[in-house]
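>>> This is a predicted model, with the sequence first.
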Amino acid sequence: DTGVSQDPRHKITKRGQNVTFRCDPISEHNRLYWYRQTLGQGPEFLTYFQNEAQLEKSRLLSDRFSAERPKGSFSTLEIQRTEQGDSAMYLCASIKKGTGDYGYTFGSGTRLTVV
Amino acid sequence: QKEVEQNSGPLSVPEGAIASLNCTYSDRGSQSFFWYRQYSGKSPELIMSIYSNGDKEDGRFTAQLNKASQYVSLLIRDSQPSDSATYLCAVIINSGGSNYKLTFGKGTLLTVNP
């Protein structure tokens, strides 16, 4: 059990470029969550998966954002046509369904800077 | 009204003092409450969970829950400079149907001065 792994740790991109982040959950965890955290704010929910099904999306997730979890294992979060307002820490967490009441464990996050 | 509210601080205490962090939440049906610690540039780390009214102690940390008042707090005794961080209150909130998710406050920045 190596914990939740996120890649890359840091990403600097020019405005208008597309970026993709990856999250590898703890094995056997069937729920996977994406959050976004901007400076001075708490993490904000973006979306979550149960296995490969995307069950909920926040209205924060504009149509420039897409997330997938093929085969219910790792997940990717893609941002198209990045904007400066997308600069944030993107956090991933995973849990086994039914254990959410024990709290979520987060990966190290991907810090995105859009210049 | 935000779902989870915290005083944003900053809160500054001298080393050895008690730091008191407060949080209120809006969903009366919530049953699970957490405190996370986040060092600058790092991801949140779970430090306390509480589910029943009253106090729960873990080392120098005590979480307090009052569901009637929809209030959660975290006390840090004998504060150390290494406790300097942002403390995030988080609550499992029903977002509709069978969807439950962890919802965070903005966090309180704590500085412990040597």
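Looks like it arrived, so ask away. No experiment lies behind these values; they were computed from the predicted model shown. Residues are numbered from 1 along each chain as shown, chains lettered A, B, ... in the order given.
>>> all strands of the chain, in order?
No chain specified, so I'll use chain A. For chain A, the strands defined by DSSP state E cover A:5-7, A:10-13, A:19-24, A:31-37, A:44-50, A:53-57, A:65-68, A:75-79, A:88-95, A:105-106, A:110-114.
>>> Can you look at chain B instead?
Applying DSSP E to chain B gives strands spanning B:4-6, B:11-14, B:19-25, B:33-38, B:45-50, B:54-58, B:61-66, B:71-76, B:85-96, B:99-104, B:108-113.
>>> And these: which comes nearest chain A?
Nearest to chain A among those is strand B:99-104 (3.3 Å), distances taken as C-beta to the nearest C-beta. (C-beta placed from N, C-alpha, C; glycine too.)
>>> partners of the closest one in the sheet?
Strand B:99-104 sits in its sheet next to strand B:85-96 (antiparallel), going by DSSP bridges.
>>> Quick check, residue A:89 in contact with residue A:113.
No: between residue A:89 and residue A:113 there is no contact under C-beta atoms under 8 Å: 10.2 Å.
>>> So for those two, which residue has more residues nearby?
Shown here are residue A:89 and residue A:113; by other C-beta atoms under 10 Å in any protein chain shown, residue A:89 has more neighbours (24 against 13).
>>> sorry, back to before: reformat the strands of chain A as CSV; add mean pLDDT and distance to residue B:70.
Formatted as CSV, the strands of chain A follow (pLDDT from 0 to 100; distance: least, C-beta to C-beta, whole Å):
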stretch, mean pLDDT, distance to residue B:70
strand A:5-7, 97, 33
strand A:10-13, 98, 38
strand A:19-24, 98, 32
strand A:31-37, 95, 23
strand A:44-50, 95, 20
strand A:53-57, 92, 24
strand A:65-68, 96, 32
strand A:75-79, 97, 33
strand A:88-95, 95, 24
strand A:105-106, 90, 25
strand A:110-114, 98, 33
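>>> Between these, which one is closest to residue B:45.
strand A:105-106 (7.9 Å; C-beta to C-beta).
>>> Relative to the closest one, what are the paired strands and their orientations?
Under the criterion DSSP bridges, strand A:105-106 sits next to strand A:88-95 (antiparallel) in its sheet.
>>> In stretch B:27-44, which residues are buried?
Under the neighbour-count criterion of 16 or more other C-beta atoms under 10 Å in any protein chain shown, stretch B:27-44 has B:30, B:32-38, B:43-44 buried.
>>> cool, stretch A:46-66 as well?
A:46-49, A:54, A:56, A:58, A:61, A:65.
>>> With stretch A:86-105 instead?
For stretch A:86-105, using 16+ other C-beta under 10 Å, the buried residues are A:86-95, A:100, A:103-105.
>>> Ok, stretch A:22-29 next?
Buried residues in stretch A:22-29 (16+ other C-beta under 10 Å): A:23-26, A:29.
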